[in-house]
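> Sequence plus predicted model, see below.
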Amino acid sequence: MSTEYRGIGYRRYVRDKTILRKKRISKAVYGLDWYKHDGQYSKGKIHCSCGLCKYGKKYGLPTIRDMRETSREKILLSDYRMI
């Protein structure tokens with residue numbers, strides 16, 4: 001069983017692909033470039049982590065997933081009571 005290693009060209013291609021994806025998201029959401037240099041997009045996040053952007057998490061508000069789950073529970077309880 002041989003181990004195949006990827007070449008430098010492949011790694012560069014994957015890196016460029018992630019850079020373009022994150023840059024496109026940054027321009028679509030914020031309307032500007034988040035970083036000065038393109039290489040910084042491959043390093044990490046492209047979102048803000050301040051208290052204003054994470055308002056629900058900071059103050060313990062329910063997420064959409066939680067709200068959907070509670071509505072499902074209410075529907076199931078109402079269906080159970082009808083029987």
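Great, that's in hand. In this text, all values refer to a predicted model and were calculated from it rather than measured experimentally.

> Would you mind identifying the helix or strand in the protein with the lowest mean pLDDT?
Among the secondary structure pieces of the chain, namely its helices and strands, helix 55-59 has the lowest mean (mean pLDDT, DSSP states H and E), a mean of 73.

> From the chain's centroid, how far away is that helix?
Going by CA atoms, centre = their mean, to the nearest Å, the spacing between the C-alpha centre of helix 55-59 and its chain's C-alpha centre is 17 Å.

> do the same with stretch 19-38
How far stretch 19-38 lies from its chain's middle: 14 Å, per CA atoms, centre = their mean.

> average pLDDT for it?
What stretch 19-38 shows for mean pLDDT is 85.

> End to end on that stretch, go ahead and measure it.
This stretch, stretch 19-38, spans 7 Å end to end (CA to CA, to the nearest Å).

> Which parts of the one helix or strand L20 maps to count as buried, going by neighbours?
In the assignment (DSSP states H and E), L20 maps to helix 8-30. Residues of helix 8-30 classed as buried by neighbour count (16 or more other CB atoms under 10 Å): 19, 22-23, 26. Placement of C-beta: from N, CA and C, glycine included.
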